[in-house]
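Peer 1: Structure for the following, please:
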Amino acid sequence: MSTTTVTLMAAQIHQNAVEDAREYHDERIEELADTDARMYTCTFMHAAMVGSGTTTEELDLAYPADDDNWEVQSVESLPALPVPLPQHHIHPEVLDHLHTLHVDTVTPLVDAAPPISDLGANREPITPTDPVPSVPSSPPQFLQVDPSDPAPPFEQIVNALVQRDVDAQVARIAQEEAEEGRTLTPDGPRPGVHPGPGWANNCEDHGINYMFLIPTDPPQRYEIAPFVSIDWSTTSPELLGTRGLGCPVHAKHLHARADEFPRAAFDRCQEFFFADAQTHSDGVDWAMRQEGDDTLRAEVIRHRAARTKVIHHARQVAELREQLADDRNALADSTRRLARANGYRRLRRHITNTLTPTTSTMHARQISRIKDTVDSPWNYTDKKLSDVCLWCKREGHKVENCALIRVCELCRVGGHLEEGCFQPHTRCVSFQVCCVPLDHKYRRRHACPSTVVIERS
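Peer 2: Okay, here's the model as predicted:
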């Protein structure tokens, strides 16, 4: 079952309010008692007399001498008495109308007043409990009587009062609608309710825009996201999906939708077509807008961001490789200086001959382990068999000894280590000591130009 909301126009609301106000006034007048009706008639007659300046002599009205209540009576034979201003012994509602009453002085309203014979004496005056306000010098602006209007002044005043009630009712309805518009939505998830700006319906007449499955409640089941949005604020645009207002939002990377036919891989020229900050990049952006495919646009953004990162990191690696080469040269120079100083043999003899628990702070077990390690360094290196190079992902060496990111110190060529160099004497000169270790397996493959005799110890 569906309900239809009908929005009333301002003119229709105004007309309905006027009709309701008139019905209310008619029912109210019918419910008044005879005494209240006479009171109303007497009150408006006095108001007409005061407003138009008509005297009692003109009306041929007389008052008995023994009547001190100053009530209007139908007496034909008694002499006329002066009529004082009416006292405010009337009902507050009638008093409000009296204070705002203004009668046109051009057209007399004596004929419109009820017959005097219908008026009776009020022997029990009604005293208002609230203070009686002073009579204003002039009526309010909305109660001004138009002399050119053929309608009687009383009808004009009633219409003005009704119009005022209608305007107040229209203003109240408008205020309620405004407050209802500012009312906060209830807390908690509301599946099926549109989440708001930035979201679009995923399921439309032509079909489903994005095949995005999100968990339901309970989460063991899945459904196609009814509302989707795209987050373009990142270098890898994401597709957002939700079930409705206040429901959890799920995200996944938005990739380019594959073509229906198989396509060949790009070559270098076609790949460079999507590069950013190039002469043709603006044309590619315009073409994407013409294509209108959000998935293709998201993939181009991701491709450009990845290309920028590759260039940045490649330059960092190049700079680090130069720093690594400089550090290796410094290490090689320091190693040669230690070899020239015969540092290995000079220090090893102390470990072998004089290192004991009495001559040092180390215990006997530690000293025994040190001596065994010095004689065979690879035997007690537990990390040797478990080393995995972080660069080439091969076992047997660490990343600082990887041949793919270092240059051979013997021939200054990359791609291999010093142990596997086929031309180890490339940097040797005649007046210096040979740079190749004595146990190198390719030491005797080529003749060394050095003429310095090495003393074996």
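Peer 1: Let me see the contact set for the nearest residue in space to V193 that is not next to it in sequence.
Peer 2: Nearest non-adjacent residue to V193, counting by CB to CB, 6 or more residues apart in numbering: L245, 4.1 Å away. C-beta here means a position set from N, CA and C on the backbone, and glycine is covered the same way. Counting by CB atoms under 8 Å, 6 or more residues apart in numbering, L245 makes contact with 185, 189-190, 193-196.
Peer 1: Bridged to L245, which residues?
Peer 2: Counting by DSSP bridges, L245 is bridged to R190.
Peer 1: what about it, distance to T216?
Peer 2: Distance of L245 to T216, computed by CB to CB, to the nearest Å: 16 Å.
Peer 1: and what of C203?
Peer 2: Distance from C203 to T216, by CB to CB: 15 Å.
Peer 1: and what of D165?
Peer 2: 53 Å.
Peer 1: Looking at those two, which is more packed in?
Peer 2: Between D165 and T216, D165 has the larger neighbour count (other CB atoms under 10 Å), namely 16 against 13.
Peer 1: Quick check: closest non-adjacent residue to that one.
Peer 2: D165's closest residue in space is A21 (CB to CB, 6+ apart), at 5.0 Å.
Peer 1: That neighbour sits in which helix or strand?
Peer 2: A21 is part of helix 10-31, with elements assigned from DSSP states H and E.
Peer 1: average pLDDT for the longest helix along the chain?
Peer 2: What stands out as the longest helix in the chain, according to DSSP state H, is helix 294-340. For helix 294-340, mean pLDDT rounds to 90.
Peer 1: same for that helix, what does it pack against?
Peer 2: helix 281-291 (3 or more CB pairs under 8 Å, 6 or more residues apart in numbering; DSSP states H and E).
Peer 1: The helix it packs on vs helix 294-340, what angle?
Peer 2: 140 degrees (axes from the mean of the first three to the mean of the last three CA atoms, to 10 degrees).
Peer 1: from here on, count from 502
Peer 2: OK, 502 is where the count begins now, so the last one is helix 782-792.
Peer 1: What are the structural domain limits within this protein?
Peer 2: 511-680, 701-754, 901-958 (automatic domain parsing).
Peer 1: Report the separation between the two terminal residues of the shortest one.
Peer 2: Distances were taken as CA to CA, to the nearest Å; on that basis the terminal residues of domain 701-754 are 18 Å apart.
Peer 1: Over to R849. Which of the three states is it?
Peer 2: helix (DSSP: H, G, I helix; E, B strand; the rest coil).
Peer 1: For it, which non-adjacent residue is closest in space?
Peer 2: Among residues not flanking R849 along the chain, V875 sits closest, at 6.2 Å (CB to CB, 6+ apart).
Peer 1: need the strands for the stretch 602-751 of the chain, in chain order.
Peer 2: Assigned by DSSP state E, counting those that start in this stretch, the strands in the stretch 602-751 of the chain fall at 691-692, 701-702, 704-705, 708-709, 714-716, 723-725, 728-732, 739-743, 745-746, 751-754.
Peer 1: Columns mean pLDDT and distance to D794 on top of the ones you listed, output as a markdown table?
Peer 2: Compiled in a markdown table, the strands of the stretch 602-751 of the chain are given as follows (pLDDT from 0 to 100; distance: least, CB to CB, whole Å):
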| stretch | mean pLDDT | distance to D794 |
| --- | --- | --- |
| strand 691-692 | 86 | 29 |
| strand 701-702 | 90 | 15 |
| strand 704-705 | 87 | 16 |
| strand 708-709 | 88 | 15 |
| strand 714-716 | 89 | 21 |
| strand 723-725 | 89 | 20 |
| strand 728-732 | 93 | 12 |
| strand 739-743 | 92 | 13 |
| strand 745-746 | 89 | 27 |
| strand 751-754 | 91 | 16 |
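Peer 1: out of those strands, nearest to R913?
Peer 2: Comparison of the strands of the stretch 602-751 of the chain against R913 by CB to CB identifies strand 751-754 as nearest, at 45.5 Å.
Peer 1: picking that back up, with distance to E792 added, can I get the strands of the stretch 602-751 of the chain in a markdown table?
Peer 2: Listed next are those as a markdown table, based on distance: least, CB to CB, whole Å:
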| stretch | distance to E792 |
| --- | --- |
| strand 691-692 | 34 |
| strand 701-702 | 18 |
| strand 704-705 | 19 |
| strand 708-709 | 19 |
| strand 714-716 | 26 |
| strand 723-725 | 25 |
| strand 728-732 | 15 |
| strand 739-743 | 18 |
| strand 745-746 | 31 |
| strand 751-754 | 20 |
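Peer 1: nearest to V818, of those strands?
Peer 2: Of all these, it is strand 751-754 that lies closest to V818, at 26.3 Å by CB to CB.
Peer 1: which residues does V801 contact?
Peer 2: V801 makes contacts with 775, 785, 789, as judged by CB under 8 Å, 6+ apart.
Peer 1: Where does pLDDT dip in the stretch 552-701 of the chain?
Peer 2: 552-647, 651-655, 681-688 (pLDDT under 70).
Peer 1: so R691 sits right up against G697, yeah?
Peer 2: No - applying CB atoms under 8 Å, one finds R691 not in contact with G697, separated by 11.3 Å.
Peer 1: If you count surrounding residues, which of the two has more?
Peer 2: Legend: neighbour count by other CB under 10 Å for R691 and G697, higher for R691 (15 against 10).
Peer 1: how close does that one sit to Q721?
Peer 2: 22 Å.
Peer 1: Check V694 too.
Peer 2: Taken as CB to CB, the span from V694 to Q721 is 24 Å.
Peer 1: So those two - more neighbours on which side?
Peer 2: Higher neighbour count among V694 and Q721: V694, with 14 against 7, using other CB under 10 Å.
Peer 1: list the contacts for the more buried one?
Peer 2: Contacts of V694 (CB under 8 Å, 6+ apart): 745-747.
Peer 1: and R798, what does it touch?
Peer 2: Per CB under 8 Å, 6+ apart, neighbours of R798: 738, 789, 792.
Peer 1: what would the contacts of V694 look like in a markdown table with distance to R758?
Peer 2: Putting the contacts of V694 into a markdown table (distance: CB to CB, whole Å) gives the following:
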| residue | distance to R758 |
| --- | --- |
| G745 | 26 |
| L746 | 28 |
| G747 | 30 |
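Peer 1: Now flag whichever of those residues is closest to P648.
Peer 2: L746 (59.7 Å).
Peer 1: what about the closest one, distance to A522?
Peer 2: Between L746 and A522 the computed distance is 40 Å (CB to CB).
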